[in-house]
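1. What follows is a predicted structure for the sequence shown.
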Amino acid sequence: MAERMAGANPGRLRMLYRNTAVRLSALYLILFAVGAAALIFYITSISESQLQRRMKASVEEEVSILDEIYSRTGIQGLLSILERQSRQPGANLYVIAGPNGELLAGNVAKLQPGVIDREGWTDRPFLYSRFGDRSSGEKHNAVAHVFFLENGMRILVGRDLGEPENARLLVRQSLMLAMGIMGVGALIIWFAIGRSALQRIDRMSGAAQNIMAGDLSQRLPVNGSGDEFDRLSVSLNAMLARMERLDEGLRQVSDNIAHDLKTPLTRLRNKAESALAGGDEQHATALEDVIGESDQLIRTFNALLMISRVEAGSAVAEMSDIDLGAVAGEVAELYEPLAEDEGLGIMRDLAPGCGVRGNRELVGQAISNLIDNAIKYGSGGEPAEINVTVGRRDGAFVLAVSDHGHGIPEDKYEEVTKRFVRLDESRSKPGTGLGLALAVAVMELHGGRITFSATEPDRATNRGLRVEMVFPEPKAV
C-alpha cells in the first residue's frame, strides 16, 4: 500500500504541475520570495548603516566637547569629566591610558591589543571586555575614536556595536515575520480564489468534452459574475448556439435529400422488379441492371445517413459491454461463403477476454466493411487467405483484418478514409467508397482509431494490407 502511494504521489505532482494556474502561482511565489529576501537585506543594511552613522556622529560630537573641556580646564578637568561620564548608565566607552598603553581609568576592563596605538578612528570593530562580565572570555564589539594628549596620555571614546546589531536583528525578524504573514495570506487567498477558478475551468472542460462527444446542446457554465471566464463562456456559448443551428440545418437538409432521393429510387426498383416478372429476356436484362444500380444508390444513401448520424453522435444506440472476439467471429463466419467464392479463406485468431464498451451493431458494421474490402482487393495474393485477429497490445485491444493482395501505398492511407474515395479508378469492383469512412467514424465514436500498414512490408510487391481497429481498454475510456 505504501509503495503504491509513493508511486502515485510523483504522478499526482506531475499532473498538478501541468496546471497553468499552479505553474504561475509557483512562479509568483518564487519571485515574491526573492523580492522579499532582497527587501529584507536591503532594509536591514540601510538601518544598520544609518545607526552606525548616527553613532559615529555622536562619538565625534562628544570628542569635540572633550577637546574643548581639555582646552579650558586642562588634564585634571578632562579626567574628572571622563570619570563622571563613564559611570552613567548607557554611557559610551571611555578609556584613559598612559603613554605606554596601560589602562589607567575608564569603564573598559580590557582592550584588544593595538587599539589605542594609533590616533583617529579604528579601522575596524575591535573586541573589549566590560567590568562585571560573567566570564573572562566574554567579548563585545565596538568602534572608537582615539586621540593623544600633549603629555602622551591617550583617550578612547567609543560605542558598543550591540545596539546596531540588535536593531538590525529586530528589523530583520520583524520584516521576515511580516513577509511570512503576507506569504501565508497570499497562499490562503490563492487557495480560496485559485481553487474556485480551477473548479470553473474543470466545469468548462467537462462541458467541452460533452460537446466534443456530439452533444451540441451543451453550454459552458456562466455564474453571472461578469468576469473574464463569464465573458469567454458567453462568447463561446453564442458560437455553439450558432454552430448547433447550422449543424441541425445541414443535417436536416442532408436527411431530407437522402430520404427524398431514396424513396423514388425504391419505387423505381420495385417497378423494375414488377416489370421483370412479366417481360422478355432483353427487357429482363435491362431491368436487372436498373435494379442493381438502384440497390447501389440505396446502399450509398444508407451509408451516408449512418456516417452522418455516427459523426453527430445523436443516433447512436446505447453503449454496452461487448466481446470483440465474439463480434469478429460472427462477422467472419457470415462472410466465409463470399470469401470462398473468391478463392479465399478466412483465418481467425481471436483472443478471449477482450471486452470493450461500445455499440455492437456499429462495431459489427465496421468489421464487416473491413472484411468486405479484404475480400474485394485481397484476391490473387499468396497465401490466399484473410486473417482476422483480436488481441491486446500496449494497454489497448486491437482487432486486425489483413490480406495478401496488392495493398495500398503509404501516402494513400489517409486519403482512403475520405468519403467516396476509391483507388480503383476503373471502378471494376463494386462499392461506394464509404466503407472505411464509416469505420473511422465508428472508431472515433468509441474513442479509438484505425491504422493502416503493409501485411508484408519487406516484399517489393504483393505487400497486402493490414487494417487495425484500436480500442482503448474500458478503464481508460
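-> Nice, I can see it. Quick caveat: nothing in here was measured; it's all calculated off a predicted structure. Residues are numbered from 1 along each chain as shown.

2. Sketch out the helices for this structure, chain order is fine.
-> Applying DSSP state H to the chain gives helices spanning 2-17, 20-86, 162-189, 195-212, 228-278, 281-312, 324-341, 360-377, 435-445.

3. Quick one, which of those helices gets closest to I408.
-> helix 360-377 (8.6 Å; Cβ to Cβ). To be clear about C-beta, it is placed using only N, CA and C from the backbone, and glycine gets the same treatment.

4. so what's I371 up against?
-> Residues counted as contacts of I371 (Cβ atoms under 8 Å, 6 or more residues apart in numbering) are 331-332, 335, 339, 346, 386, 388, 401.

5. For it, give its distance to C354.
-> The gap separating I371 from C354 is 18 Å, by Cβ to Cβ, to the nearest Å.

6. Redo the helices of the chain as JSON lines? Include mean pLDDT and distance to P113.
-> Converted to JSON lines, those look like this (pLDDT from 0 to 100; distance: least, Cβ to Cβ, whole Å):
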{"stretch": "helix 2-17", "mean pLDDT": "51", "distance to P113": "59"}
{"stretch": "helix 20-86", "mean pLDDT": "77", "distance to P113": "21"}
{"stretch": "helix 162-189", "mean pLDDT": "74", "distance to P113": "22"}
{"stretch": "helix 195-212", "mean pLDDT": "76", "distance to P113": "65"}
{"stretch": "helix 228-278", "mean pLDDT": "71", "distance to P113": "71"}
{"stretch": "helix 281-312", "mean pLDDT": "67", "distance to P113": "95"}
{"stretch": "helix 324-341", "mean pLDDT": "91", "distance to P113": "94"}
{"stretch": "helix 360-377", "mean pLDDT": "88", "distance to P113": "97"}
{"stretch": "helix 435-445", "mean pLDDT": "83", "distance to P113": "90"}
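
7. where's the nearest residue to S129 once chain neighbours are set aside relative to A36, distance?
-> Of all residues not flanking S129 in the chain, K110 sits nearest, at 4.1 Å (Cβ to Cβ, 6 or more residues apart in numbering). Remark: distance between K110 and A36 (Cβ to Cβ) = 42 Å.

8. Look at the two and report which has more neighbours.
-> A36 (17 against 14; other Cβ atoms under 10 Å).

9. I figured that one was touching M179, is that so?
-> Yes: A36 is in contact with M179 according to Cβ atoms under 8 Å; the separation is 4.3 Å.

10. got the contact list for L79?
-> 96, 105.

11. What is the neighbour count of G206?
-> Other residues close to G206 by other Cβ under 10 Å number 13.

12. Please apply the same query to S205.
-> Residues near S205, counting by other Cβ under 10 Å: 11.

13. what sits against it?
-> With Cβ under 8 Å, 6+ apart, S205 has no contacts at all.

14. For it, give its distance to I211.
-> 11 Å.

15. now A272
-> Taken as Cβ to Cβ, the span from A272 to I211 is 46 Å.

16. cool, and Q76?
-> Counting by Cβ to Cβ - Q76 and I211 are separated by 101 Å.

17. Tell me which of those two has more neighbours.
-> I211 (18 against 9).

18. Tell me if I'm right that the more buried one and L240 touch.
-> Yes: the pair I211 / L240 is scored as a contact, 6.7 Å apart, by Cβ under 8 Å.

19. if you skip the residues just before and after it, what's nearest to V401?
-> Nearest residue to V401, sequence neighbours excluded (Cβ to Cβ, 6+ apart): L370, at 4.2 Å.

20. Great, nothing more from me.
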